[in-house]
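give me a 3D structure for the following:
(2 chains)
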Amino acid sequence: MAKLLIVDDESDIREFARNFFKKRKIDVSIASGGRQALDLIAKENPDLILLDVRMEEMTGIEVLRELRKTNLSVKVIMVSGVEDEETIKEANALGVIGYIHKPFILEELEKIVLAQLNH
Amino acid sequence: MTPFSLVSFLVCLLCTILGLFAFLQIKNRLHLVWALFNLDVAIWSAGTFLAGMATNENLARIDWKLSHLGVLFIPVLFYHTIYLFLNLKNRVTLVLIYLQAIIFSLILLSTNLIIYPIKFLFKSIFYYTATPLYCLMFFVWVVIVIIPFFELFKGRKDLKNLKQQQGSYLFWGSLIGFFGGATTVAPAFGLNVYPAWHFTICIYVLMATYAIFRYQLMDIRVVATRLSIFIIVYSLILGIPVWLGFKLLGKGLWLVPVTCMGILATVGPFIYLYVQKRAEDRLLQEQRRYQATLRQASAGMGKIKDLKKLLSMIVYVLTNAIQIEHASVYIFDEGKKKYLLGASKRKFGNNSFLESIEKESLLVEYFVQNKNPLIFEEINQKALDSKDFKLSQLKQIIVSLEGVLLVPIFIDQDLIAIIIMGKKESGNPYSSDDLSVFSILANQTALAIENAIFYERMKLTHEQLFQAEKMATIGTMADGLSHQINNRFHALGFIAGDAIDTIQMNQKELTQVEVKEVLDELQRAFVRVQDNVVQGGEIVQGLLRYTRKGDAGFVPVDVEAVFKAALEMVQFKIKMHELKIVREYDPANIPKIKGNFTQLQEVFFNLIDNGYDAMMQRKNEKKEPGFQPTLIVRVIKEGDFVQIVFEDNGMGVKEDDIHKLFTPFFTTKLSSKKGTGLGLYVIKKIVEDNHGGLVEMVSKYMQGTQMKLRLPIAIG
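Here you go, the predicted structure:
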């Protein structure tokens, strides 16, 4: 079963996202912040990570930087509001699959996530 | 020297000066004749002076003949002066009058028929005696003197303003002079009146001098009153002691009259001033009253902050306080570079005046040079005298403005307003006192207008500052808030999306119809929530875009590439086949501009999108047959800038709405679904704040809109 990690400091997002992807036979784990996310990645080695950019404790970019120090292979999709071009550039440099702007229609996210997990 | 000679000498001296002065000022024939008249009076008085000094009969006889040569021509030249002054046409009379003077002169000089017998009178003067022919000559003389006075009196009503004043001076001054001068014949007819009354000719000279310098400004009644008071007061002061000395005390005791004289001479000026003030107060009561009103009004003006109201008040006060027929104020308009009619009032008839005065007008030029109030009559007179083309043009301008008195108003060196006043209802001319009051009024008005303008500008600046501050606050707030709001939308999107998902997954297994229907309805509701989430997200994005500074680098950007990229973006939003895009430029010849590709793409996208919407609105609403939505794009190099014009033939915008378009959250698009109201604001921010360019919008309702962008060319 494919493993998906959702990192977001919004509890509603975590809850409903997990709900949604569980129905599609995906093993969803959630993290409310950067530290927790890094621990989970080390422990569970997910296939895909949905990583929010703007978070209280650590920003998505900081998490990504930390992550890439040890793990270069894991697929990451950044989820963000409107970010400046520098953030996008750095994310690209750190090897992300894509950048998805919120808010979005869930179906679209579903298509993207499923496409990545079925690879 | 006898008093008789002394007076004659004085008269001769004054008349010579006046005559020479008039000679130097000659501008037309009237001046010439008047100068000759004065010199002729001087000849007469020179003769009488010499006669008074003569030591024997023979000498006196020659002097009297010389004197009478002058006498003969005095009424002739006076008539000629009046003839020219009144523009009389009676040439025959003029010639006849000259002729008689010449004939009498010839008789006077070549025979002894007019002047011969000499008597020794007043124990001091060899005086001539009237012969029969002298009587005839004197009779003719008196008749010829009366004619011009009669003409002046008859013609006084046809004279206008300035000339009317001149006429009054001429009439009264000459009458006084002639009256005094004529008394010198009394001894010749055996009447023992000491001949010193011709000193009144000095009064005539004084009045004439006064008139030359101030005639257009001063009320004749005032001059006459002042002079009479002066003469009466001083003849009393000087006369009483002399009379006392002679009659009461005998010839030895001069001490008393001299003391008396000293006291009276000291008190004299005070008496004179007091009497004069009282007399003038009575005469000028009316004038003083409105001058006080004007002073009060000008003090109150500073308190009015509304410019329009201030100008209305000025014309109101002027027309009512001074009682003039009309008044108007023209004020400089920065935008139109003209003096526009600010306020006007006409007592009777319709209140229509010239709409504006050009900045290049001769009137404005005149004021900038002279700074002082202008009296129409003066310009009129000068224009007639000098035949200067410019002056007559200036005169025309003043006529078209219906001005009698024009007062300029300056702030520093700038002429900011012109007050134009019509005739006084009484028909009186403006006096010098009036002018000094108007100067004060003009200064006060200038201050008040400056005040009002400053206040209005401050109000505007204040509004702009407030607006800017509001936007800045929105800006900082937007940055933090929008992420929060966006996250809420995001969460809502997830919740709605998951709910829809759950419904869809479970619906198939359900059999109960009612439940299915309820779920259908719920699903529709959640889809609506989802749509709203996406729209809300777009608004936040728009808001964020303009609060963020363009951080990415500014590099040389190819206009054509930006345009193509924008078209690629826009084709997902609009139906391209409905729209005709005409590119009126050659991409190869356009220099690159210094800018941010993404931001410019956004600008172009918005402009194409806006144009499309406007054209579609026109097409759908008006349904004009054969209407083809066309967007013309022009790119022109202008110095260091490139001008890019997007011209559509859409609905256009009403003039009132144009400036609102650039405020955030204003939209003219009918459905709120179509726009966030941020489009033009974002465009302006990007082009002007980020790129140092310029956005200009020209729009005509139902004709279309031109959006002009000026962007700097990349160097190198």
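
surely A:L72 touches A:G95?
Yes - judged on CB atoms under 8 Å, A:L72 makes contact with A:G95 at a distance of 7.0 Å. From N, CA and C alone the C-beta is placed, and that goes for glycine too.

which of these two has more neighbours?
Looking at A:L72 and A:G95 with other CB atoms under 10 Å in any protein chain shown, you find the greater number of neighbours at A:G95, namely 14 against 9.

ok, the more buried one to A:R65 distance?
Using CB to CB, to the nearest Å, A:G95 is found at 11 Å from A:R65.

do B:Q323 as well
Between B:Q323 and A:R65 the distance is 89 Å, computed by CB to CB.

okay, and the helix or strand of chain A with the least pLDDT?
Taking mean pLDDT, DSSP states H and E as the measure, helix A:85-93 is the helix or strand of chain A with the lowest mean score, a mean of 84.

continuing past that helix, what's the next helix or strand?
The helix or strand immediately downstream of helix A:85-93 is strand A:98-101, counting by DSSP states H and E.

tell me the secondary structure at B:M707.
On the three-state scheme (DSSP: H, G, I helix; E, B strand; the rest coil), B:M707 is labelled strand.

could you count how many residues lie near the nearest residue to it once chain neighbours are set aside?
If you skip the residues right next to it in sequence, B:M707 has B:F646 as its closest partner in space, 4.6 Å away by CB to CB, 6 or more residues apart in numbering or on different chains. As a burial measure, the neighbour count of B:F646 was computed by other CB under 10 Å and equals 22.

do I have it right that B:F646 meets B:S699?
No - in this structure, B:F646 sits apart from B:S699 without contact. The criterion is CB under 8 Å, and the distance is 11.8 Å.

identify the contacts common to the two.
Where contact means CB atoms under 8 Å, 6 or more residues apart in numbering or on different chains, the residues bridging B:F646 and B:S699 through contact with each are B:Q706.

quick one: pLDDT of the residue in the stretch 401-550 of chain B that chain A sits nearest to?
When you check the stretch 401-550 of chain B against chain A by CB to the nearest CB, the closest residue turns out to be B:G497, at 2.5 Å. On the pLDDT scale, B:G497 is placed at 91.

so who does it touch?
Contacts for B:G497 were tallied using CB under 8 Å, 6+ apart; they are A:F16, A:F20, A:I105, A:L106, A:E107, A:L109, B:F526, B:Q530.

would you mark the buried spots in stretch B:159-172?
Of the residues in stretch B:159-172, B:159, B:161-172 count as buried by neighbour count, 16 or more other CB atoms under 10 Å in any protein chain shown.

do stretch B:132-140 as well
So stretch B:132-140, judged by 16+ other CB under 10 Å, has buried residues B:L133, B:Y134, B:M137, B:F138, B:V140.

just how off-centre is it within its chain?
Stretch B:132-140 has its average C-alpha position 59 Å from the chain's average C-alpha position, going by CA atoms, centre = their mean, to the nearest Å.

what about dumping the CA coordinates of it to CSV?
Below are the C-alpha coordinates for stretch B:132-140, written out as CSV (Å, rounded to 0.1, in the frame of the first residue of the first chain):
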residue,chain,number,x,y,z
PRO,B,132,-15.6,154.6,-27.5
LEU,B,133,-13.8,152.0,-29.6
TYR,B,134,-12.5,150.3,-26.4
CYS,B,135,-16.1,150.0,-25.3
LEU,B,136,-17.0,148.2,-28.5
MET,B,137,-14.0,146.0,-28.3
PHE,B,138,-14.8,145.1,-24.7
PHE,B,139,-18.4,144.3,-25.6
VAL,B,140,-17.3,142.0,-28.3
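
just give the number of residues close to the residue of chain A found nearest chain B.
Across chain A, the shortest distance to chain B (CB to the nearest CB) belongs to A:L106, at 2.5 Å. Per other CB under 10 Å, the neighbour tally for A:L106 reads 22.

just the element for the spatially closest residue to it that is not a sequence neighbour, please.
For A:L106, the nearest residue in space outside its immediate sequence neighbours is B:G497; the separation is 2.5 Å by CB to CB, 6+ apart. Under DSSP H and E, the secondary-structure element containing B:G497 is helix B:432-507.
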